[in-house]
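In: Starting from these lines, generate the structure:
(chains A and B)
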Amino acid sequence: MTPPINSTDPAKGSTSISLSQSADPRRVLADRVEQMYGQMPLGIAGSFIISVIAAYELREGRYVEIVAFWAGLVVLLTAASIGLYWSFNRSATKASEAAQWLRWLAISALANGATWGFAGAVFFPSHADEQQVFLAFLLAGMVAGGVPIYAVSWPVYALYAAGIVFPFTYVLGTFGNRLFAEIALLVPAFYAMNVGVAWRLNQVFDSGYRLRHAYGKLTEDYTALNQRLEQQLVELDEARRQVEASGRKLVLFAERSPIAVFEFDVEGRILTVNPSAETLFGYAANEVIGRIGIDTLFAAAIQEDVRERWRKLIDARAPVIGLRALSTRRDGADITCEWSLTPLVNTENSVISVIVQGRDITQQLEAERMKQEFTSTLSHELRTPLTSIIGSLQLINSGVMGDIEKDTLELTTIAERNAQRLLDLINDILDVEKIESGKLTLMIEALELGELVTESLTLNRAFAERFKVKLVAAGELRAVKVSADRKRVLQVMTNLLSNAAKFSEAGTAVEVTIEIADSDTVRVAVHDTGPGIPENFRNRIFGRFAQADMSHTRQMGGTGLGLAICKRLIELMGGKIGFSDRAGGGTTFWFELPHHD
Amino acid sequence: MPVQPLNRICYVEDDVDIQRIVRMSLERVGKMTVEVVSDPMVAIGRMIEFKPELVMLDWMMPGMDGPTLFRKMRDTPETKDLPVVFITAKASQREQDELRSIGAAGTILKPFSPKDLPEQLRAIWHALP
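Out: Next comes the predicted model:
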């Protein structure tokens, strides 16, 4: 994020901060150092040429060797300065180590100044008057000429000029000439003025650099901001297109929907109507738009109830789903519709309008009623003859009617068994119908599971003995309570035990265990010694009319509905059912029921 | 709980086959005395004559259904205290609850086992207050 170029300092009130202050000082210093090194060639060349001229003019003094020494010093210094300049230009750390490069430059400037100071101090007393004037002129020129070269950093200039001025001032002061002594007093003043000018120029340069950097940064930020704005504009445009497309889709859905769709305002007035609504209620759209929806669409007897629900919907902003209500069509016919009322809420949490969808379920309700009546009649009409058949055969087979011939008994036993199968099938089909239509009511109560399992073992023992299989509890059954429907748990147990008995090997025992599955559930498991569940049957074992091998239906009996019913019953009681392979052969069928605290 | 064993039973049922099976079951297996009535319209009069200890009613019968006959029995001083067991092919929980709510002593579902029927009736008889 771009830092603000103007901000408010809470301590000082509303104070404007300079634009240039937002520049990075390290980058400003690096730029200044770069600038100074950039001017070095001019400084080196100027200083060297003037030194050559000076050495030539001063060669006829008393100390020629000293002049030669000085000229050598100049050459050395020039070479060192060139070396410094070359190193800087090749350096990769120009910017990161700018402060160090400035220190090297300050040393170079001081050395340069001191070389000229040495010339002033040594050659001024040893030469004739004209040469003294020449020397004073040169030194003044070098001091003045240093200002543009070094003023980018005023301390560097101060060092350079001090190197020239102070030895020369000392010589003037101690020369013994009154005029020279007066000049010696003025020279530091001139020095101070020059340093002052350099300081001022330094400030100007500094501001310039800061401004340049701040501007650069501002430009970068502006470009980034601009790019983001452009991106957001593109996204906004895409979002607008999507909203438009969704709007078109919604309109299309409403128009083509087979369900009646209305839009009501907050007062309950009809705003829009779709074609299905026109067809269902017999009104044209322009006849109902603007009318109060509840008065127009709902039967008079239930209008007050619907108004109450409407008020709650508007207050709570919560949808009403699955409201079944009687409506009166324009032609006076009564129909029953299932309604969904969904409030459209804006970002301020106010209801803008309510989408009201209605589906005619008159025929569906009639079909449900007929189905229920049919099932009830079927149940009665099938059971009544079976009562006679099974009852008669049981009386004969039990020997109550006296002894009968062996072959006849065999046939009547077959007849009784198959009549019982037919009854089981009817019961199973009725159970499936009841479960699927949601008509099955459960009597959930706290049950002592151990007692219930023991009872189921007793009830099914005779059946198992037909297959020469024993039903036993593995060890002592736990005394534990579950929340379940007694009759339905017995039905599930009967189903699992009879399956286990049918498929176990003759002469073996089916074992039943009760385990605590976890703190909330109790597991009952029935362990058989059968051949196991074939791989291709495992995923549909709890489906309807599921038999691993159709020949079993005839061999073993059963409708193939038992496990599907068990699964639904256990789930309705809040439990789970499943099976697993038993180590050493056989299968364990188990179910879990909620623990009763 | 009644002290004497259950012996005299009146059974109102329109289906003659089932009448016969119940009679055989109760007489031969249960060693009881049974009065079977086919027409519910005359059932109360026959009960007053026969003086049963327990009455068994079918639910669905032509002319008058079991629950209606039961209510009529309750309105008749001679039959109002007789325990009534419904024997019905209607198996739904709602229908069984309905029978309990009108004061039935018990319900036996069709098809029943004739072998076990006398014992089932005795169990209901012994559970009476």
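In: quick one: the strands in chain B?
Out: For chain B, strands defined by DSSP state E occupy the ranges B:8-12, B:33-37, B:54-58, B:84-88, B:106-109.
In: per-domain residue ranges of chain A.
Out: If you go by automatic domain parsing, the domain ranges for chain A are A:13-223, A:257-360, A:366-437, A:444-594.
In: The worst-scoring helix or strand of chain B on mean pLDDT packs against which elements?
Out: Here the helix or strand of chain B ranked lowest by mean pLDDT, DSSP states H and E is helix B:93-101, holding a mean of 77. Using 3 or more C-beta pairs under 8 Å, 6 or more residues apart in numbering or on different chains; DSSP states H and E, the elements in contact with helix B:93-101 are strand B:84-88, strand B:106-109. Backbone N, C-alpha and C define where each C-beta goes, glycine included.
In: Just send those strands back as a markdown table, with distance to A:Ala239 and mean pLDDT too.
Out: Shown next, in a markdown table, are the helices and strands packed on helix B:93-101 (distance: least, C-beta to C-beta, whole Å; pLDDT from 0 to 100):
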| stretch | distance to A:Ala239 | mean pLDDT |
| --- | --- | --- |
| strand B:84-88 | 67 | 91 |
| strand B:106-109 | 66 | 88 |
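In: a markdown table for the ones you listed, including distance to chain A?
Out: Listed next are these as a markdown table, based on distance: least, C-beta to the nearest C-beta, whole Å:
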| stretch | distance to chain A |
| --- | --- |
| strand B:84-88 | 8 |
| strand B:106-109 | 8 |
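In: which residues does A:Ala500 contact?
Out: Contacts for A:Ala500 (C-beta atoms under 8 Å, 6 or more residues apart in numbering or on different chains) come out as A:Val469, A:Leu471, A:Val510, A:Val526, A:His527, A:Asp528, A:Gly530, A:Phe589.
In: likewise A:Phe124?
Out: Residues in contact with A:Phe124, defined by C-beta under 8 Å, 6+ apart, are A:Gln132, A:Leu135, A:Ala136, A:Phe168, A:Val171, A:Leu172, A:Phe175.
In: before we move on, the earlier item: if you compare the helices and strands packed on helix B:93-101, which one is most tucked away?
Out: Mean neighbours per residue, mean count of other C-beta atoms under 10 Å in any protein chain shown, is largest over the helices and strands packed on helix B:93-101 for strand B:84-88, with a mean of 23.
In: what does chain B put close to chain A?
Out: Selection of chain B residues close to chain A by C-beta under 8 Å from any C-beta of the partner chain yields B:15, B:17-18, B:21-22, B:24-25, B:28-29, B:60, B:89-94, B:110-115.
In: Inside helices: which ones of these?
Out: Per DSSP state H, helices hold the following members of the residues of chain B next to chain A: B:Asp17, B:Ile18, B:Ile21, B:Val22, B:Met24, B:Gln93, B:Arg94.
In: just checking, the first one touches A:Ile390?
Out: No: when contacts are counted by C-beta atoms under 8 Å, B:Asp17 is not listed as touching A:Ile390 (11.5 Å).
In: which neighbours do those two share?
Out: Residues touching both B:Asp17 and A:Ile390 by C-beta under 8 Å, 6+ apart: none at all.
In: more neighbours, those two?
Out: Taking other C-beta atoms under 10 Å in any protein chain shown, B:Asp17 and A:Ile390 do not tie; A:Ile390 has more neighbours (24 against 15).
In: which residue ends up closest to the midpoint of chain B in space?
Out: Nearest residue to the geometric centre of chain B (C-alpha atoms, centre = their mean): B:Met56, 0.6 Å.
In: Skip the chain neighbours and tell me the closest residue to that residue.
Out: In space, B:Met56 comes closest to B:Tyr11 once its chain neighbours are excluded; the distance is 4.4 Å by C-beta to C-beta, 6 or more residues apart in numbering or on different chains.
In: so what pLDDT did the closest residue to A:Thr494 other than its chain neighbours get?
Out: Ranked by C-beta to C-beta, 6+ apart and with sequence neighbours excluded, the top spatial neighbour of A:Thr494 is A:Asn460, at 5.8 Å. On the pLDDT scale, A:Asn460 is placed at 90.
In: Which secondary structure state does A:Asn460 sit in?
Out: Classification of A:Asn460 by DSSP: H, G, I helix; E, B strand; the rest coil places it in helix.
In: Just want the angle from the helix or strand hosting A:Ala367 to strand B:54-58.
Out: Per DSSP states H and E: A:Ala367 is located in helix A:362-397. Orientation check (axes from the mean of the first three to the mean of the last three C-alpha atoms, to 10 degrees): helix A:362-397 against strand B:54-58 gives 130 degrees.
In: Report how many residues lie close to the closest residue to chain B within the stretch 101-250 of chain A.
Out: Going by C-beta to the nearest C-beta, chain B is nearest to A:Leu250 of the stretch 101-250 of chain A, at 44.0 Å. By the criterion of other C-beta under 10 Å, A:Leu250 has 12 neighbours.
In: next one: A:Val74
Out: By other C-beta under 10 Å, 22 other residues sit near A:Val74.
In: from what I can see it touches A:Phe48, true?
Out: Yes: with contact defined as C-beta under 8 Å, A:Val74 counts as touching A:Phe48 (6.8 Å).
In: Identify the residues contacting A:Ala490.
Out: Not quite, residue A:490 is Leu, not Ala. A:Leu490 makes contact with A:Leu452, A:Glu455, A:Ser456, A:Leu459, according to C-beta under 8 Å, 6+ apart.
In: Any chance of TSV for the contacts of A:Ala500, columns pLDDT and secondary structure?
Out: Listed next are the contacts of A:Ala500 as TSV, based on pLDDT from 0 to 100; DSSP: H, G, I helix; E, B strand; the rest coil:
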residue	pLDDT	secondary structure
A:Val469	93	coil
A:Leu471	93	strand
A:Val510	94	strand
A:Val526	95	strand
A:His527	94	strand
A:Asp528	92	coil
A:Gly530	89	coil
A:Phe589	95	strand
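In: Not counting its own residues, what contacts stretch A:438-445?
Out: Counting by C-beta under 8 Å, 6+ apart, A:372, A:431, A:433-434, A:483-488, A:572-573, B:92-94 sit against stretch A:438-445.
In: nearest residue to whichever residue of the stretch 201-350 of chain A sits closest to chain B other than its sequence neighbours?
Out: With C-beta to the nearest C-beta, the shortest gap between the stretch 201-350 of chain A and chain B falls at A:Arg324, namely 20.2 Å. Leaving aside its sequence neighbours, A:Arg324 sits nearest to A:Glu338 (C-beta to C-beta, 6+ apart; 5.3 Å).
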